[in-house]
Each structure stands twice: as structure tokens, then as C-alpha cells.
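Participant: Okay, predicted coordinates and the sequence, questions at the end:
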Amino acid sequence: MAEEERLTGSSSGPSPSPDPCPICLSPTTQESYLDQCFHKFCYNCIVKWINIVARVQSCTSSTMTCPLCKRENFSIICGYDGISYQRHYVGKSLENSEFFSEAHRYRLKCYYTDSGDIAEKLQVSLYWKFRKYLRQNHYLADWLRREIQAVMQEEDTDIIMHHVLGVIDSLRRDWSKKTSITAEKAREEFRVAVSDAVRPFLTGRTERFVEELEVFVASGLNMDAFDQVYIKHLGVSTLAEITLVISYYMKADV
């Protein structure tokens, strides 16, 4: 019987994965790639391998050697959803980062969650209808800074934040001179201008960022109040509970 199975290739047991993880030799889960050689591993496997190497060498390096080809790599690419991906640099841990707060993690999670009808609840359409967009939003700079940091998972994003503020200020000056501009036209100009400003940096998250920005400015709330409204809307009672739903790539210590 065993000889027959060997010759025919049939077996009652499960077939081995044609493309297993090189570290655990099991089917690859949470596919991740090294940024230079593009060898594929389970996310948890490659993270653990990096941590073991760092402990053995008693130092934290900004590069890692691929276990297969020995080529130097700088980051792990993961979480690809057909539109965008996450990149985690070797030696950089967002979990222990001073700037990447619980609120940052919550806002990043929002970009992977359906926002539902929050725009309707916060009456975004009335913001444009009654020309509230001509008012300056004094909370916007802080919100933009945190939002861009969360989406990019980078601390030094002020140049992008100031660029977006400049684009919005320019629009406001133009709108103040156009008393006959329609709500639909102003909204379209806003979405196009902001999209063009952030697309080189936020890539696949651009459209969602513009939606979130529009909801924030229309709400008229400060950052903390906006967070609480959003948390209630998504059905999560406190920021502390966000750790239960944060994606796997935020849990690992890279």
C-alpha cells in the first residue's frame, strides 16, 4: 500500500504546501517579504528570527540578513491588501515608540475598518451647504500631524502636515472671493486638492484620508472629542480596548 502511494502520489494525509515558510516549514501565514530580496516568510517567523539574531549579537541593527540568500534588507513588507501595504523597518519598534501612542494605533486601525455612516451623523453635507468651510479650524494642525503619523507610521511628518494646511488655507482664500460657488463645487475642489497633496506620501490610503479629514473639519470638534465620537460610532468603549482589534503587524516587536 505504501509502495502504491509512493508511485501514484496519493496519500490519505494532507499534501505539503508547495510554498512553505522557509523558517517553520509550514504553510505561510500573514505573508511578509523582505524589501531587497523579496523572500517570503510568515510574519511572526521572520520577526522572531530577527529578534533572536539581535539577542545573539547583543545589539540592535538597522539591517537584517535574509536567512536564505544572506542579502542585507532594511524592512519587512506585510499587510498587502491589493492597494497598499505596511512596512516595518528593522530595529524600529512602534509598539515601544514614544511618539506612536495608543491614539495613533487606534487611528491606524480606523483605516482598516468600515467607517459606516459617520459622515452622515456628523452632518458633513451641512458643513458645505452653509459655507462653514470658510472658518479656520484651530484644531486641524494637531489632528493632521497625528493622522499622518498614524497612517505613515513615521514621526517626522510635519512637512507634509504644513503642506496640507497650506493647500487648505489657499482654498479658503479662493472660496472667500467666490460668493456664488456651490457646495458641490467647493467640496470637489477640496477633495481633489487634498488628494493631490497627500497622494505621493499616503498612496493607497489617500482616498480614506481625505474622507477622514472632511469628517473631522465638518465635526467642529477638537481631537479628543472627535476620538470619543468615533469610538462610540464604531462600538468600542475605550481606547484601551483597541489592543484587542489592532492588526497583527502592530503587535510584534520588530
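Facilitator: Thanks, I have the structure now.
Participant: Against residue 161, how distant is the residue nearest the centre of the chain?
Facilitator: The chain has residue 151 as the residue nearest its centroid, 4.1 Å off, counting by C-alpha atoms, centre = their mean. Distance check for residue 151 against residue 161: by C-beta to C-beta, to the nearest Å, it reads 12 Å. Where C-beta positions appear, they are placed from N, C-alpha and C, glycine not excepted.
Participant: got the contact list for the residue nearest to residue 142 when sequence neighbours are not counted?
Facilitator: In space, and not counting its chain neighbours, residue 142 is closest to residue 223: 5.6 Å by C-beta to C-beta, 6 or more residues apart in numbering. Residue 223 makes contact with 139, 142-143, 146 under the criterion C-beta atoms under 8 Å, 6 or more residues apart in numbering.
Participant: Highest neighbour count among these?
Facilitator: residue 143 (21 neighbours; other C-beta atoms under 10 Å).
Participant: neighbours of residue 66, just the number please.
Facilitator: Neighbour number of residue 66 under other C-beta under 10 Å is 18.
Participant: Next one, pLDDT for it please.
Facilitator: We have a pLDDT of 90 for residue 66.
Participant: Repeat that for the one 4 residues further on.
Facilitator: At residue 70 the predicted local confidence, pLDDT, stands at 87.
Participant: How many neighbouring residues does it have?
Facilitator: 8.
Participant: SS state for it?
Facilitator: Classification of residue 70 using DSSP: H, G, I helix; E, B strand; the rest coil returns coil.
Participant: State the phi and psi torsions of it.
Facilitator: Main-chain dihedrals, residue 70, degrees, to the nearest 10: phi 70, psi 10.
Participant: again, but for residue 87
Facilitator: Here is the backbone geometry of residue 87 (degrees, to the nearest 10): phi -130, psi 130.
Participant: Also residue 217?
Facilitator: According to degrees, to the nearest 10, residue 217 has phi -70, psi -30.
Participant: One more: the one 4 residues further on?
Facilitator: Torsion angles at residue 221 (phi, psi; degrees, to the nearest 10) stand at phi -90, psi 160.
Participant: Leaving aside the residues adjacent along the chain, what's closest to it?
Facilitator: Excluding its sequence neighbours, the residue lying closest to residue 221 (C-beta to C-beta, 6+ apart) is residue 229, at 6.6 Å.
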